[in-house]
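S.K.: Attaching a predicted model along with its sequence, questions to come.
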Amino acid sequence: MGDRAPSTRRDARLAARLRRHRLDRGITQAAMAARLGISASYLNLIEHGRRPLGAELLLRAAGELPDVRLHFRHRLEDVDLDAGEAIFVREDGTHVTARGTLLVGADGAFSAVRARMQRNPGFDYSQSYLEAGYKELTIPATEDGGFRLDEHALHIWPRGGSMMIALPNRDGTFTCTLFWPMEGDHSFAGLPESSSDDEIMGFFRREYGDAVPLMPTLLEDYRENPTSTLVTIRCDPWHWGDRVVLVGDAAHAIVPFYGQGMNAAFEDVRILDEMLEAAGDDPAKVLPAFSRRRKPAGDAIADLALANFVEMRDRVASPLFLARKKLEKVLSGVLPGTFEPLYDLVSFSNTPYHEAREKARRQDRILAGIGIGLVAVVVIGVVAGVAAAI
């Protein structure tokens with residue numbers, strides 16, 4: 001396993017060499033990704049030295065367990081739901097079948113396990129694409145490896161209907177992500193990659209002028225990095241019979257605006273493990289209850305992530321929004337454990353997502369009452385002042 005998880009510094013050197021090799025030869029990111037047998041989005045992560053940390057940590061941990069065997073380059077082709085069998089195809093075209101008492105479909109938003117479940121009557125499924133897509137840009141580290149922006153903050157450039165954000169990485173860089181409509185004003189269609197240098201730079205200087213000097217590879221990044229879509233996926237139930245269960249994006253793919261996609265998946269695994277342990281590792285006793293318990297939470301975090309997109313995009317620059325956030329902070333300090341901001345409940349507690357949302361709604365009614373009370377006090381004060389002046 002050690003050879004599969006090189007150090008961050010070595011990763012960065014290899015990533016830089018790969019990117020330079022590709023650019024020197026005029027190979028597009030999509031073409032290079034096809035040669036390597038990976039997605040363009042994943043190649044983009046590799047080239048910027050940002051392979052998913054969670055995957056690396058999980059691979060390390062799994063590799064240290066004596067009863068775990070890891071198989072790479074095995075594509076899941078089909079599933080026998082009743083037998084609990086998974087049929088994989090290797091790169092050479094040969095097939096291998098894996099059997100077990102429990103088959104866990106943790107194979108992502110476009111899950112092959114879920115696709116097989118969808119063929120059966122009684123299984124509900126929906127997917128909804130956000131009207132916006134995304135593209136990643138880069139703010140490099142300073143010459144001494146430092147950050148060019150505050151590394152303890154999420155940076156947002158809200159533009160009403162679109163936005164750019166910047167998040168820090170461990171190596172001093174920032175990943176800037178454009179969340180723009182696919183069509184219309186301030187959209188990817190309105191500024192295609194084929195636009196001239198002057199058109200691209202002019203647009204960014206007009207819309208994100210303070211960020212442009214920090215992005216020396218802006219033109220290259222905008223043209224080379226893929227424009228990707230954002231999808232929300234829901235299904236019900238999350239299990240089939242007593243042998244198959246879905247977790248993570250396979251059960252509840254969400255948009256990234258609450259930062260909870262991986263956390264929600266880990267929570268699925270934790271709760272499933274706890275329930276299995278309590279039931280003596282008998283899936284038949286657990287899977288239906290697991291689906292009923294986790295489905296409301298999965299739907300809630302999907303809704304919260306979609307709502308947070310609108311909040312980040314349209315509201316964070318509003319004085320009323322900022323005043324509300326300050327009031328929430330004051331109340332949570334004065335009434336700890338009683339008044340808790342929704343973000344804290346979602347991000348820093350094990351409160352189920354749907355219960356966190358319901359508590360936040362009750363607190364919203366309290367805040368609305370406080371706001372009405374403050375307005376009434378102001379109005380009474382103004383009326384009293386006018387009456388005194390008369």
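M.R.: It's in.

S.K.: Would you mind measuring from the residue nearest the centre of the chain to His152?
M.R.: Centroid check for the chain by CA atoms, centre = their mean gives Pro256 as the closest residue, at 2.8 Å. Using CB to CB, to the nearest Å, Pro256 is found at 20 Å from His152. (C-beta placed from N, C-alpha, C; glycine too.)

S.K.: and the top strand by length along the chain, which residues are buried?
M.R.: If you go by DSSP state E, the chain has its longest strand at strand 124-139. For strand 124-139, the buried set under the neighbour-count rule, 16 or more other CB atoms under 10 Å, comprises Leu130, Ala132, Gly133, Tyr134, Lys135, Glu136, Leu137, Thr138, Ile139.

S.K.: Okay, helices next: where are they in this structure?
M.R.: 8-24, 29-36, 40-47, 53-63, 112-117, 197-207, 218-224, 249-252, 261-278, 283-310, 319-334, 342-347, 353-389 (DSSP state H).

S.K.: Please identify which of the ones you listed is closest to Ile165.
M.R.: For Ile165, the closest of these is helix 283-310, at 10.7 Å, according to CB to CB.

S.K.: between that closest one and strand 124-139, how big is the angle?
M.R.: With axes from the mean of the first three to the mean of the last three CA atoms, to 10 degrees applied, the angle from helix 283-310 to strand 124-139 works out at 50 degrees.

S.K.: Now do helix 283-310 and helix 261-278, the angle between them.
M.R.: Using the same axes, to 10 degrees: helix 283-310 against helix 261-278 is 160 degrees.

S.K.: per-domain residue ranges of this structure.
M.R.: According to automatic domain parsing, the chain comprises the domains 1-70, 127-229, 319-389.

S.K.: how about the nearest residue to Ser187, chain neighbours excluded?
M.R.: Pro181 (4.2 Å; CB to CB, 6 or more residues apart in numbering).

S.K.: List the beta-bridge partners for the one you found.
M.R.: Ala132 (DSSP bridges).

S.K.: wait, doesn't it sit right on Gly160?
M.R.: No. The criterion here is CB atoms under 8 Å, and Pro181 misses it with Gly160 at 11.3 Å.

S.K.: Which one's more surrounded, these two?
M.R.: Using other CB atoms under 10 Å as the criterion, Pro181 and Gly160 rank with Pro181 on top: 17 against 11.

S.K.: ok, the more buried one - contacts?
M.R.: Glu131, Ala132, Gly133, Gly161, Ser162, Ser187, Phe188 (CB atoms under 8 Å, 6 or more residues apart in numbering).

S.K.: ok, and the closest non-adjacent residue to the first one?
M.R.: Spelled out, it's Glu131. With CB to CB, 6+ apart, the residue lying closest to Glu131 is Pro181, at 5.6 Å.

S.K.: distance of the one you found from Arg60?
M.R.: Taking CB to CB, one finds Pro181 at 40 Å from Arg60.

S.K.: circling back: there's contact between the residue nearest to the centre of the chain and Leu304 in this structure, I believe.
M.R.: No. In this structure, Pro256 is not within contact of Leu304 by CB under 8 Å, at 11.9 Å.

S.K.: Quick check: which ranges of the protein have low pLDDT?
M.R.: Applying pLDDT under 70 to the chain flags residues 1-25, 29-30, 35-55, 371-390.

S.K.: so how many other residues sit close to the residue lying closest to Arg90 once chain neighbours are set aside?
M.R.: Closest residue to Arg90 apart from its sequence neighbours, by CB to CB, 6+ apart: His74 at 6.0 Å. Neighbourhood size, His74 [other CB under 10 Å]: 15.

S.K.: got the contact list for His74?
M.R.: Contacts of His74 by CB under 8 Å, 6+ apart are Phe88, Val89, Arg90, Val96.

S.K.: what's across from Phe174 in the sheet?
M.R.: Beta-bridge partners of Phe174, as defined by DSSP bridges: Ile139, Pro168.

S.K.: Tell me the spacing between it and Tyr125.
M.R.: Counting by CB to CB, the gap from Phe174 to Tyr125 is 37 Å.

S.K.: Just give the closest residue to Gly146, not the sequence neighbours.
M.R.: Using CB to CB, 6+ apart, the nearest residue to Gly146 is Gly172, at 5.6 Å.
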